[in-house]
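Peer 1: Sequence plus predicted model, see below.
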Amino acid sequence: MALPPDWNPDNAKHWQASNTLAYQYLWSASGILACGFAVWLQWSVWVVYMPVLGFTFSLEQLFSLLAIAGLSGALFRIPASFFSLSLSSRYSFILIVYLLLVPVLGTAHALQTPSSSLLTFQLLALLSGLGAAVFSVSMANVSEVFPHRQQGLALGLHAGIGNLGIVAAQVALPILITLGLLRFNFFVVVFNFLVLALLFRRLIHLRPEKLTLPFRKRVQLIFSLTVVLLATAVIVALAMYLILSESANGAGLHLTKEWVLVGALLIALWFIKLILSLNRDKGQQFRIFNNKHTWLMAIMYVMSFGTFIGFSSAFPLLTHYVFGFSHDVTAVEAFTQMNPNHPSMIMYWWFGPLLAIASRPLGGWLGDRYGGARVTFWCAAFMGAASLWMGETIATALQETSPEVVFVPFLLSCMALFIGSGLANGSSYRTLTSLFPKPQRQAVIGWVSAIGACGAFYVPLVLGESLQSNTPASAFIGFALFYFACMALDRFFYLDKNSEHYNP
């Protein structure tokens, strides 16, 4: 049994008859999304264990792997979003999901080959960004399956369950390494393949496909999407080459990363629009860029999801360098003396992401009940305070020969930041679905999710630079100022009684 071809969840009769199938679709799509996130965020674990496996990469080189995976994830979400909207989500979904096996197999092989170069891992990190592209397709589809009154809860549940892939990667991979079962990765690949196949079969069975494409059209679609994905990969590689130093396989031009990021996003968007036009699809969804709320919600999504995904990626390596070494301020070279009393940080890597994931449905429910903008406003204030607290604890730790003395305050501040980002992420979905009509909603979700994923690029780069220069406080002050600016925007555009969309 599948959803009716004329499925309209806002129709009470339709919803009463088929809401069980809608939830089955949600669980299947969430399982696929979890696999995608696990592939994307696997680097948060590998960068910590690479020295143990015999790879002598510097702090900057390790953070570059996180940044590359983050930027590719953000940019790959753009073609995934617009192709799933303008053509048929079934075929683009199939291509992206099974391409995920390439970085998984490649990474498993490279980690077992001591001669693997930094460039090899950088290319694999780039391909891992395909895991983020799954999100753009599935979020848009789930939004269509559920009624407007349950959008906040449904999207929060889907994103939250999908993000459990991050927790799975950060729990399972260290266990495999500790037990000496790195080669077991190949069995994990086979297992993931079977799980994906079963979930995908169930998802396609439930989801009505309103557009049946002839064979020629399917080939054209897959070819076009492949070309756009390859072009996006080239854009990511060029952007990172311009940003990174020579020691990290970059040009060493010292260009401003913010401007390079904006340029990469605009070029990727222009190229996708060009391809869609060649396919005789005028891309009506591109009209969303004429709406100021598209850009405002993108900023809010950077604040919420960008913080969550950025710190989920960087948190293990950050804690390793802050608490895994003894910091002698008079030493000539930092991060050389191991801390014999370092806390067992592996037990906490996954805890922050899990708290954020658990908070997302709650944020969606609170948004449905009290107003998305109001919940987002207070979350931004909470995140700003947590950021300042976290920066202070890290600055203190980097002046200590026994940094573990401030580990508990650091952990509490970081958990607070994760919880705030999760709540804000869920509430921002509610605001977004209230601001845009249904025909535009999918395109907006796809775009803001791509912009938000830039946090996985920006946060690791900033944290890596601040650790190298021993100025972590300034980085977290910058994060806090951004959160407070988001408060002001939210207050002015959505909570002012004279605003265009008061407390949507």
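Peer 2: Arrived safely.
Peer 1: Can you list the low-confidence ranges for this protein?
Peer 2: In the predicted model, the chain carries pLDDT under 70 at residues 1-6, 84-93, 140, 152, 178-215, 217-218, 276-285, 329-334, 499-500, 502-504.
Peer 1: in it, which spans are strands?
Peer 2: Ranges of strands in the chain, per DSSP state E: none exist.
Peer 1: how close does the residue lying closest to Ala34 once chain neighbours are set aside sit to Asp368?
Peer 2: Distances taken as CB to CB, 6 or more residues apart in numbering place Gly165 nearest to Ala34, at 3.7 Å, with adjacent residues excluded. In short, each C-beta sits where N, CA and C put it, glycine included. Distance from Gly165 to Asp368, counting by CB to CB, to the nearest Å: 25 Å.
Peer 1: Tell me which of those two has more neighbours.
Peer 2: Gly165 (26 against 22; other CB atoms under 10 Å).
Peer 1: quick one, what contacts that one?
Peer 2: Listed by CB atoms under 8 Å, 6 or more residues apart in numbering, the contact partners of Gly165 are Leu33, Ala34, Cys35, Gly36, Phe37, Ala38, Val39, Trp40, Leu41, Gly131.
Peer 1: TSV for these, including neighbour count and distance to Phe76?
Peer 2: Shown next, in TSV, are these (neighbours: other CB atoms under 10 Å; distance: CB to CB, whole Å):
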residue	neighbour count	distance to Phe76
Leu33	27	14
Ala34	22	17
Cys35	22	15
Gly36	25	10
Phe37	26	13
Ala38	26	16
Val39	27	12
Trp40	33	9
Leu41	29	14
Gly131	30	9
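Peer 1: taking those one by one, which sit in helices?
Peer 2: Within the contacts of Gly165, residues falling in helices by DSSP state H are Leu33, Ala34, Cys35, Gly36, Phe37, Ala38, Val39, Trp40, Gly131.
Peer 1: Val171: which of the residues you listed is nearest?
Peer 2: Ala38 (10.3 Å; CB to CB).
Peer 1: measure the nearest residue to that closest one once chain neighbours are set aside to Glu392 for me?
Peer 2: Among residues not flanking Ala38 along the chain, Gly165 sits closest, at 3.6 Å (CB to CB, 6+ apart). Gly165 sits 32 Å away from Glu392, going by CB to CB.
Peer 1: Val234 too?
Peer 2: Counting by CB to CB, the gap from Val234 to Glu392 is 41 Å.
Peer 1: So the two - more neighbours on which side?
Peer 2: Glu392 (18 against 14).
Peer 1: is it true that that one touches Ala475?
Peer 2: No. Assessed by CB atoms under 8 Å, Glu392 is found out of contact with Ala475, at 11.9 Å.
Peer 1: what's near enough to touch the nearest residue to Asp328 once chain neighbours are set aside?
Peer 2: Once flanking residues are discounted, Asp328 sits nearest to Thr401: 5.9 Å by CB to CB, 6+ apart. Thr401 is in contact with Ser326, His327, Asp328, counting by CB under 8 Å, 6+ apart.
Peer 1: Weed out the non-buried ones from the residues you listed.
Peer 2: Ser326, His327 (16 or more other CB atoms under 10 Å).
Peer 1: Return the member of the contacts of Thr401 nearest to Leu62.
Peer 2: The closest of the contacts of Thr401 to Leu62 turns out to be His327 (CB to CB; 18.2 Å).
Peer 1: number of nearby residues for the nearest residue to that closest one once chain neighbours are set aside?
Peer 2: The spatially closest residue to His327, leaving aside those adjacent along the chain, is Leu398, at 5.1 Å (CB to CB, 6+ apart). Other residues near Leu398 come to 22 when the count uses other CB under 10 Å.
Peer 1: Leu398 against Asn470, yeah?
Peer 2: Yes. The pair formed by Leu398 and Asn470 meets the contact definition of CB under 8 Å, at 6.0 Å.
Peer 1: What segments of the stretch 301-450 of the chain are helices?
Peer 2: Secondary structure of the stretch 301-450 of the chain (DSSP state H, counting those that start in this stretch): helices at 307-323, 351-370, 372-397, 407-435, 438-452.
Peer 1: burial of the residue nearest to Thr376 when sequence neighbours are not counted, as a residue count?
Peer 2: Leaving out its chain neighbours, the residue that sits closest to Thr376 by CB to CB, 6+ apart is Ser427, at 4.7 Å. Burial of Ser427 is recorded as 32 neighbouring residues (other CB under 10 Å).
Peer 1: residues in contact with Ser427?
Peer 2: Ser427 neighbours (CB under 8 Å, 6+ apart): Gly152, Gly363, Gly364, Leu366, Gly367, Gly372, Ala373, Val375, Thr376, Cys379.
Peer 1: please redo it, this time with the cut-off set to 10 Å
Peer 2: By CB atoms under 10 Å, 6 or more residues apart in numbering, Ser427 lies in contact with 152, 156, 300, 304, 360, 362-368, 370-379.
Peer 1: Now, of these, which are buried?
Peer 2: Buried among these (16+ other CB under 10 Å): 152, 156, 300, 304, 360, 362-368, 371-379.
Peer 1: My guess is Asn19 contacts Lys13. True?
Peer 2: No. Assessed by CB atoms under 10 Å, Asn19 is found out of contact with Lys13, at 11.1 Å.
Peer 1: can I assume the residue nearest to His327 is in contact with Leu467?
Peer 2: Yes. Leu398 is in contact with Leu467 according to CB under 10 Å; the separation is 7.9 Å.
Peer 1: quick one on the thing from earlier: using TSV, please lay out the ones in helices among the contacts of Gly165 together with distance to Phe83.
Peer 2: Formatted as TSV, the ones in helices among the contacts of Gly165 follow (distance: CB to CB, whole Å):
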residue	distance to Phe83
Leu33	17
Ala34	22
Cys35	20
Gly36	16
Phe37	20
Ala38	23
Val39	20
Trp40	19
Gly131	17
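Peer 1: now, which of those residues sits nearest Glu60?
Peer 2: Among those, and counting by CB to CB, the member closest to Glu60 is Trp40, at 21.4 Å.
Peer 1: what's the residue lying closest to that closest one once chain neighbours are set aside in contact with, if anything?
Peer 2: Among residues not flanking Trp40 along the chain, Gly131 sits closest, at 3.3 Å (CB to CB, 6+ apart). Shown in contact with Gly131 (CB under 10 Å, 6+ apart): 33-42, 69, 72-73, 76, 96-97, 99-100, 103-104, 165, 169.
Peer 1: Ok, Ala395 next?
Peer 2: Here Ala395 is in contact with Val322, Val406, Ser466, Asn470, Thr471, Pro472, Ala473, Ser474, Ala475, Phe476 (criterion: CB under 10 Å, 6+ apart).
Peer 1: likewise Ile161?
Peer 2: The neighbourhood of Ile161, defined by CB under 10 Å, 6+ apart, consists of Leu26, Trp27, Ala29, Ser30, Gly31, Leu33, Ala34, Ile357, Arg360, Pro361.
Peer 1: repeat for Trp15
Peer 2: Trp15 makes contacts with Trp7, Asn8, Pro9, Ala22, Phe146, Pro147, Arg149, Gln150, as judged by CB under 10 Å, 6+ apart.
Peer 1: one more time with 8 Å, if that's ok
Peer 2: Pro9, Ala22, Pro147.
Peer 1: The last one contacts Asp10, doesn't it?
Peer 2: Yes. At 4.9 Å, Pro147 counts as touching Asp10 under the criterion of CB under 8 Å.
Peer 1: Looking at the two, which is more packed in?
Peer 2: Taking neighbours as other CB under 10 Å, Pro147 and Asp10 compare with Pro147 leading, 16 against 11.
Peer 1: In space, what's closest to Gly306 - neighbours in sequence excluded?
Peer 2: Nearest non-adjacent residue to Gly306, counting by CB to CB, 6+ apart: Gly455, 2.6 Å away.
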